[in-house]
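Trainee: Based on what follows, work out the 3D shape:
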Amino acid sequence: MKRSIFLFAAFAAFAAAFAIPVMAQQADTVVSQARAAGLVGEQADGFLGFVPGASISADLRGRVDQINIRRRGVYTSRAAERNVTVNEMAAAVACEIFTGRIAVGERYRNEAGQWRQRTASQAVEVPSFCGS
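Mentor: Numbering: from 1, shown residues only. Here you go, the predicted structure:
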């Protein structure tokens, strides 16, 4: 737990640098529309996922896969620079995403693997490894 809190604190200052894959996704209107429609959402592992039961086109699947590939690349290079694992780097970015980048109405997959929808009256369930 202490290591997780330390990692979150250490990477919080650099979160803007890791926003590149998230910004790339926002520039992709197809993925943005899919997020707004509840087909695609952020996951606690730092990657995008498909909401169960959603009808996903091959085009959308390919776009999300490309975003996740870019994210993994950023996480891998940043992890090497900071001497942490790729999963720890992805988790640090997920903390940033979960604390401020999931819009009302968007779906997300919490740490327990359950898909939720952010509402105006209920905040996003931030993963426990993010600290407070």
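Trainee: how close does residue 35 get to residue 84?
Mentor: 28 Å (Cβ to Cβ, to the nearest Å). (Glycine included, C-beta is placed from N, CA and C.)
Trainee: These two: which has the busier surroundings?
Mentor: Using other Cβ atoms under 10 Å as the criterion, residue 35 and residue 84 rank with residue 35 on top: 24 against 18.
Trainee: Could I get the pLDDT score of the more buried one?
Mentor: pLDDT for residue 35: 96.
Trainee: heads up, I number from 47, so please use that
Mentor: Taking 47 as the first residue, the last one we looked at is residue 81.
Trainee: how close does it sit to residue 121?
Mentor: 20 Å.
Trainee: low-scoring stretches of the protein, by residue?
Mentor: The model of the chain has pLDDT under 70 over residues 47-73, 178.
Trainee: what secondary structure does the residue most central in space within it sit in?
Mentor: In the chain, the C-alpha nearest the mean C-alpha coordinate belongs to residue 92, at 3.8 Å (Cα atoms, centre = their mean). Put simply, residue 92 is coil when judged by DSSP: H, G, I helix; E, B strand; the rest coil.
Trainee: All set, thanks.
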